[in-house]
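S.K.: Predicted model and sequence below, questions to follow.
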Amino acid sequence: MKTALLFLTLLAAGLGLGSPGFAQEAATLATVSEAVAVADSADQAAPTVDKGDVAWMLVSTILVLLMALPGLALFYGGMLRAKNALSVMTQVFAISSLIGVLWVVYGYSLAFTAGNPVIGSFDKLFLSGVTVDSLAATFTDGVALPELLFMLFQLTFAGLTAALIVGGLAERVKFSALLVFSALWFTLAYLPMVHMVWVEGGLMFDKGELDFAGGTVVHINAGVAALVGALVIGRRLGFGREHLAPHNLTLTLIGGALLWFGWFGFNAGSSLEANGIAVLAAVNTMLASMAGALAWMAMEWIVRGKPSLLGVVTGAIGGLVAITPAAGLAGPMGALVLGALGSLAALWAITALKARFGYDETLDVFGVHGVAGIVGAIGTGIVVSPALGGVGLDGYSMGAQVLTQMTGVGLVIVWSGLVSFVLFKLIDLVMGLRVSEEQEREGLDTSTHGEQAYKL
Amino acid sequence: MKTALLFLTLLAAGLGLGSPGFAQEAATLATVSEAVAVADSADQAAPTVDKGDVAWMLVSTILVLLMALPGLALFYGGMLRAKNALSVMTQVFAISSLIGVLWVVYGYSLAFTAGNPVIGSFDKLFLSGVTVDSLAATFTDGVALPELLFMLFQLTFAGLTAALIVGGLAERVKFSALLVFSALWFTLAYLPMVHMVWVEGGLMFDKGELDFAGGTVVHINAGVAALVGALVIGRRLGFGREHLAPHNLTLTLIGGALLWFGWFGFNAGSSLEANGIAVLAAVNTMLASMAGALAWMAMEWIVRGKPSLLGVVTGAIGGLVAITPAAGLAGPMGALVLGALGSLAALWAITALKARFGYDETLDVFGVHGVAGIVGAIGTGIVVSPALGGVGLDGYSMGAQVLTQMTGVGLVIVWSGLVSFVLFKLIDLVMGLRVSEEQEREGLDTSTHGEQAYKL
Amino acid sequence: MKTALLFLTLLAAGLGLGSPGFAQEAATLATVSEAVAVADSADQAAPTVDKGDVAWMLVSTILVLLMALPGLALFYGGMLRAKNALSVMTQVFAISSLIGVLWVVYGYSLAFTAGNPVIGSFDKLFLSGVTVDSLAATFTDGVALPELLFMLFQLTFAGLTAALIVGGLAERVKFSALLVFSALWFTLAYLPMVHMVWVEGGLMFDKGELDFAGGTVVHINAGVAALVGALVIGRRLGFGREHLAPHNLTLTLIGGALLWFGWFGFNAGSSLEANGIAVLAAVNTMLASMAGALAWMAMEWIVRGKPSLLGVVTGAIGGLVAITPAAGLAGPMGALVLGALGSLAALWAITALKARFGYDETLDVFGVHGVAGIVGAIGTGIVVSPALGGVGLDGYSMGAQVLTQMTGVGLVIVWSGLVSFVLFKLIDLVMGLRVSEEQEREGLDTSTHGEQAYKL
Amino acid sequence: MKMVTAIIKPFKMDDVREALAEVGITGLTLSEVKGFGRQRGHTELYRGAEYTVDFLPKIRLDIAIDDAQVDTVLDAIMKAAQTGKIGDGKIFIQPIEQVIRIRTGESGSDAL
Amino acid sequence: MKMVTAIIKPFKMDDVREALAEVGITGLTLSEVKGFGRQRGHTELYRGAEYTVDFLPKIRLDIAIDDAQVDTVLDAIMKAAQTGKIGDGKIFIQPIEQVIRIRTGESGSDAL
Amino acid sequence: MKMVTAIIKPFKMDDVREALAEVGITGLTLSEVKGFGRQRGHTELYRGAEYTVDFLPKIRLDIAIDDAQVDTVLDAIMKAAQTGKIGDGKIFIQPIEQVIRIRTGESGSDAL
Ligand SMILES: Nc1ncnc2c1ncn2[C@@H]1O[C@H](COP(=O)(O)OP(=O)(O)O)[C@@H](O)[C@H]1O
Ligand SMILES: Nc1ncnc2c1ncn2[C@@H]1O[C@H](COP(=O)(O)OP(=O)(O)O)[C@@H](O)[C@H]1O
Ligand SMILES: Nc1ncnc2c1ncn2[C@@H]1O[C@H](COP(=O)(O)OP(=O)(O)O)[C@@H](O)[C@H]1O
């Protein structure tokens, strides 16, 4: 446990959280960030809804759902041993569903209504006041979306983020404990982070942090929680002795490719319109993942003599994670570089870092989403530079922006780290976080879910 | 066989078909139902086509295709034994294709041209008169879709509906017999039901039945046919003795998730526009399936001590079926409730009802699509109520609307039940409905299709 | 090798390449072909961008990506033996990524800038000058797309085309050699073909060749390269002696269905707008694949006594290939016929032709994409006829158009055949094209990629 | 002690297991094997071409028993597994010199 | 020579292999089998209904050894595979009349 | 009667089966097994890390034959399965006391 805390503290320190002075000097105007001021139909010239935007955002919404189901479920499930394949699929399905319901009950309200710099209000509990006619502002003056659609798009983000975490504890976590954790973490870590980063008046939003589609809010947030979970729950039986090999890489390929496919909804949808920024985000999403795939492949080929499919797929995901915060902000060449760097950083984390600290974070959620996420979040401050082909910002200064980004990264690491640590420990005390040794040996599929993946 | 008829009669009676008097008093104005009066470009102010609508409806169309292939094919195939996995996939592929061709030959014409209250005309045989410039009206005055697009969207519904039925007879049905049945059932049960429910002048349309995206037309219709088929063909060898366990639940997960994904095209596409109603339908679709997944999970966990993946997936589908007729009519909270109820009703049907009557309806098409469909169709009359957050109707009265809904349900049960019964019996007599015992033992994949799913 | 050349020469000759005289008489006006003159915002009334078009083209773009990953990867991977399943998936992933990067580096520039009749210029190297505000013309005056979106849509075509080729050499090709080939072939065969056929001023474009979505540019081009590759690399160990059976047809089903799904982006997206032509292309895509599936099924049933799933799926793909060049040009009934013919031609090629010449083109890329592509490319000249329900052309004459089409077919066969032959031979000399016998026996998954698909 | 190895048709597995239970045999080890023999295989299609697959799925049961049980066991298997059609399978009897139960170290008949 | 056949719990496989290596046994053949015995199986759910699955995954090891090695081998397997819980498995010893190494044609102890 | 058990390389399976057919053996039972021995396994990658996989896929053939056939059968297998490279596999010969054909109840040589 000590290791966990030490590790997080080091990370946070290294990222400049200790020096808010710098951060406050950073640019505070985030013109192209994902804040949404829900339109008040009275106080401005009636904004219009374009059916092209509605079409695109409906598509984007279901693309993000597809990322979780079956995308993530397969990506994860395929990498586990056959006896645990269904468990993680059930977890992803149940958590997405649970968070989706909580989202309409209180999540949307707490995240996206005005409140204090950390969290919103209960004004829209049970979607109260959100009707078929309510509008949500986009980043373009005078252009609005149906608020229900904005709400739904964001619902899918919440579910996916919570589901990402399960990869860190896979093959040994108790299903009930995981559900309880997910609900609490969603409330105490995800909702505040959304509010702080994406909503006008939020702590980091006001500091000018750039996070186009969720580098800090989604990826680092989930990655850190997964790492903390892995540290609290401990290593799997057999870890370090047996080769706990993936049981079905064809599933991982399907899942990885669907993650990629869906990520266009995630990134380009975050523009909230079918406009040029969405197109730019799509271009960057494509190039970053391709660069990520090639970078990992090259490195593995050089170092290990063989380029693996899992490597290519993981590299692509690493590239996607890294471009996420910069998707609508970088230029295509910036995306190529950021994607490649994100992928290589993930490779480094998964091999060197994991070996160094000896933790068993089953599916490398921290390695891929956390570390590539950090590279992306900080890199966003760089690639947004017009000099590098990015879209630029009013009053942009690279140094200042990078510090703001680092502050944001530090904040999410500490916040998510602390919340996760307390929750995992508490749940472990109250109901137990881990299944029995016998159940772990038997596999979670039969012992927890009463099923077997295959009868071939 | 007696059981089958008795069963259907009971259902129909219990649903108020015996009392058309009430039904006739029901509201007859269905402003937001899926009727389509094909625009006559001369007799009204030129309606306009919005490219946002076209984009959304193109997407919706292919999403419904995806539901069948690979969605349904995998969802079904994974639940069968390995030796029959390919057979049901071939059936879904062949039936979708066959119905698609029949749709352009005569189906679209019979369903969607004016005719009598039960069926349309042959005016558009071979799509005659349907050109690139033809327009189809939407539910909004002055807004039209290319008629070819409306035709294509509906084509995918027809194929999916016919394909759903194969789940009831899987693992023992003769391929040729099934193709013949599908073509005839499509003609005698599906086309009339579309015309009666969705077309102005149709029997149930004029009575004011609400069926937003196909609760009666698609789900109950197919569910009843599957049940009748299962009763006529008899139980599988080994049923009740061996555990006829799913051979690959990862396929079922992929299929189930793709069904969910595609269902947004099915439900939100049924708005025919990328508008607020489509958004509402998407929200309801999301929430109903999540509620359905959680409801089944909770119930199975309580009763059996273990929450299964197949349960979560099946519950989600049950929720989706239930919300289908109400997708653009209910409010989000209504969708949560209806989704949960649909899922639990399906669970009850699959366990209690099936055990009680002892039929072997292989993949529970009746349990999931029939029973949750009935809950949804009737529930639509309730959740449409503005008091419950629904969109409301002119002259809405809950009691009357529920009776109209029951009439609609009764009609489809009796109609589909009778047509299916006669067709299955006839086909059994003429060409045999079931493969030989030896072929059934060997498995349909090698005996009928000359293939094996796996050589691992 | 002699066989290969002879074969190509025969094909080319039979297709009228020898008689350019006729071809030059053909209609030269291709109003609805895929040329794109990038808009020069100064020299015309400012074209407008419709968000509905942007939404549809974003969707189309990712649909084509989905065709490659996971579509093609699964379609191919499932048909191989388990020990080579991952190799082809890695190949498709790596090649798509590599070509994607090359596309933004120089591919887009060489293909789509003005130059000579065979190739463009280096004006847009590294996308120079292509900004968020650049526009690309569509086929409709005054309607433009963001140029980045057009560029991205075309990027996915390039990747898919190169990836198709791997099917011909699967189970024995060296990974490094394949990557080198792909990069070179893309440069020397794909880019010129795009320029010649789709860009104003291009050789075949100016001759009036019709290729709506890539019959010659994509399918014949790749099919011929695959055949040449198979001839140069030689047969697999065990070919003709053992039944080299597909190891997992459920993957092939998923892949095939996703190919179909994505093909709507490929074909209907090639209209570049969410308009009536896109709708027509979607209708034709649907019908051609259904007709293709049914045609193959019927033929196999008659000849072999059993209709196989792989047959139905392959037939659908054959139908899709055939309709590709005609997608926005034929009428629905023309699509039915062309789809069925394409499928049957593929069946003939795969059985009769392959047996006759005894080559081992692993996954029948030539049979399916080459031969059905030829049927489609030539058939396009016929089904475009208004008399047959097609959209027609200014100054259309069937004979002349068919000759133009044949010229186009002949050109791509010879061009791709020669480029491929030289490249494969060269690579074989320089670095070796084939793995060692021992590695081939062991399987490429472990020997090249250090992985196994399954541990069940 | 003897090792009785029966190669049977897969769908007879439950019947055989029940028949063995009736004569007091509750322990056995099962494997999925493929059999070649007189029984004809099936044909498979691959894109319009036809292949013959000779091997057939069979179940192999290994049952260690006391010498005294041999006849009853043979009888039970024979009755339960027989369909009278070609391919019903074979029973092989081989000697076992020693049997040990890993859990307890018991050996001989006690270990069965 | 003897054929030692051990049916063990799958997760003990690595331990047993190491124990055998320590006593000088480096060749063996492994198969995945299913065991029926005293050890209870698990229950499975199928859409709300419950089924019992009696067979359990086991690993079968076939090890051909010289007569002189029998005791050490038995000992090694016993120690490595024992958990003391029901279902630990069995060891069977059967006679082998001849062993041949295909590569060289060597036979007898030389072929092991 | 004897039980001849051959562990061979998978890609030699068809050759061996043909060779056996040539000497009149048409019945046999095949299983997919994994072998450990002198032959080195392969290395596998998992996200940048490397693991060694020791077991190799092998085919096990069980062939019950009359005593008189032993030599021809051994010879046939040897010739067809040999590559001369390490890992070609082994042949074990064990005694069978009885063989029964389930379909007919025939026993002994008649049952083969
Ligand atoms: N000589 C043999 N050695 C080992 N197994 C055999 C032998 N002959 C047959 N078998 C096994 O018995 C099965 C049934 O044999 P077969 O000849 O098909 O029919 P039958 O048992 O009716 O004579 C085969 O599939 C094979 O698994
Ligand atoms: N008579 C037998 N013949 C062959 N295998 C047996 C026999 N009895 C048990 N086995 C095998 O040994 C395994 C363990 O036996 P079991 O009775 O469950 O526990 P234990 O070994 O502790 O007595 C079984 O799963 C089965 O594979
Ligand atoms: N003592 C043994 N008992 C059982 N099987 C063995 C034994 N030794 C080897 N084998 C089997 O024979 C196969 C080949 O053995 P190996 O030592 O690799 O090469 P070779 O046969 O050339 O000596 C192994 O993979 C294993 O399946």
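M.R.: Thanks, I have it. Bear in mind that the values here come from a model prediction, so they are computed numbers and not experimental data. Ligands and ions are numbered 1, 2, ... in the order given.
S.K.: What's the separation between residue A:352 and residue A:309?
M.R.: 22 Å (CB to CB, to the nearest Å). From N, CA and C alone the C-beta is placed, and that goes for glycine too.
S.K.: Same check on residue D:84?
M.R.: 50 Å.
S.K.: just residue A:426 next, same as before
M.R.: 40 Å.
S.K.: higher neighbour count, those two?
M.R.: Comparing residue A:426 with residue A:309 by other CB atoms under 10 Å in any protein chain shown, the one with more neighbours is residue A:309, at 32 against 14.
S.K.: show me what contacts the more buried one?
M.R.: A:249, A:253, C:86, C:89-90, C:93, C:449, C:451 (CB atoms under 8 Å, 6 or more residues apart in numbering or on different chains).
S.K.: Tell me the one of those residues nearest residue B:181?
M.R.: residue A:253 (37.1 Å; CB to CB).
S.K.: which SSE is the closest one in?
M.R.: Assigned by DSSP states H and E, residue A:253 belongs to helix A:249-269.
S.K.: pLDDT on that helix, on average?
M.R.: Per-region confidence: helix A:249-269 scores 98 on mean pLDDT.
S.K.: Please see if it touches chain F.
M.R.: No. Contact of helix A:249-269 with chain F is not found when judged by CB under 8 Å from any CB of the partner chain; the minimum separation is 10.2 Å.
S.K.: orientation of that helix relative to helix B:249-268 in degrees?
M.R.: Using axes from the mean of the first three to the mean of the last three CA atoms, to 10 degrees, one finds that helix A:249-269 and helix B:249-268 are set 30 degrees apart in direction.
S.K.: anything in helix A:249-269 near chain C?
M.R.: Yes. Under the criterion of CB under 8 Å from any CB, chain C is reached by helix A:249-269 at A:249-250, A:253-254, A:257-258, A:260-261, A:264, A:268.
S.K.: Check stretch D:51-69 too.
M.R.: Yes. Using CB under 8 Å from any CB, stretch D:51-69 comes into contact with chain C via D:51-53.
S.K.: Now flag whichever of those residues is closest to residue B:369.
M.R.: Distances from residue B:369 to those, taken by CB to CB, are shortest for residue D:53, at 36.8 Å.
S.K.: For residue C:207, see how far away the residue nearest to that closest one when sequence neighbours are not counted is.
M.R.: Leaving aside its chain neighbours, residue D:53 sits nearest to residue D:41 (4.7 Å; criterion: CB to CB, 6 or more residues apart in numbering or on different chains). From residue D:41 across to residue C:207, the span is 55 Å (CB to CB).
S.K.: The contacts of residue A:309 into TSV, with extra columns for secondary structure and neighbour count?
M.R.: Shown next, in TSV, are these (DSSP: H, G, I helix; E, B strand; the rest coil; neighbours: other CB atoms under 10 Å in any protein chain shown):
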residue	secondary structure	neighbour count
A:249	helix	27
A:253	helix	30
C:86	helix	30
C:89	helix	34
C:90	helix	30
C:93	helix	29
C:449	helix	27
C:451	coil	25
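S.K.: Can you name the two of those that sit furthest apart?
M.R.: Using CB to CB, those span at most 12.8 Å, a distance reached by C:93 and C:451.
S.K.: Against the centre of chain D, work out the most remote residue.
M.R.: Distance from the centre of chain D peaks at residue D:48, with 36.7 Å (CA atoms, centre = their mean).
S.K.: For chain D, what's its nearest residue on the stretch 51-200 of chain A.
M.R.: At 15.9 Å from chain D, residue A:82 is the closest residue in the stretch 51-200 of chain A, using CB to the nearest CB.
S.K.: Please apply the same query to chain A.
M.R.: For chain A, CB to the nearest CB, closest residue to chain D: residue A:456, 9.2 Å.
S.K.: which SS state does that residue fall under?
M.R.: Here residue A:456 is coil, with the state taken from DSSP: H, G, I helix; E, B strand; the rest coil.
S.K.: Contact partners for it?
M.R.: Taking CB under 8 Å, 6+ apart, we find residue A:456 in contact with B:82, B:247-248, B:454, B:456, C:456.
S.K.: Before we move on, what's the pLDDT of the residue lying closest to residue A:214 once chain neighbours are set aside?
M.R.: Sequence neighbours aside, residue A:324 is the residue nearest to residue A:214 in space, at 5.6 Å (criterion: CB to CB, 6+ apart). Looking at residue A:324, its pLDDT is 98.
S.K.: excluding its backbone neighbours, what's nearest residue 61?
M.R.: All of this is about chain A. Closest to residue A:61 by CB to CB, 6+ apart is residue A:153, at 4.6 Å.
S.K.: wait, I meant chain D there
M.R.: residue D:6 (4.6 Å).
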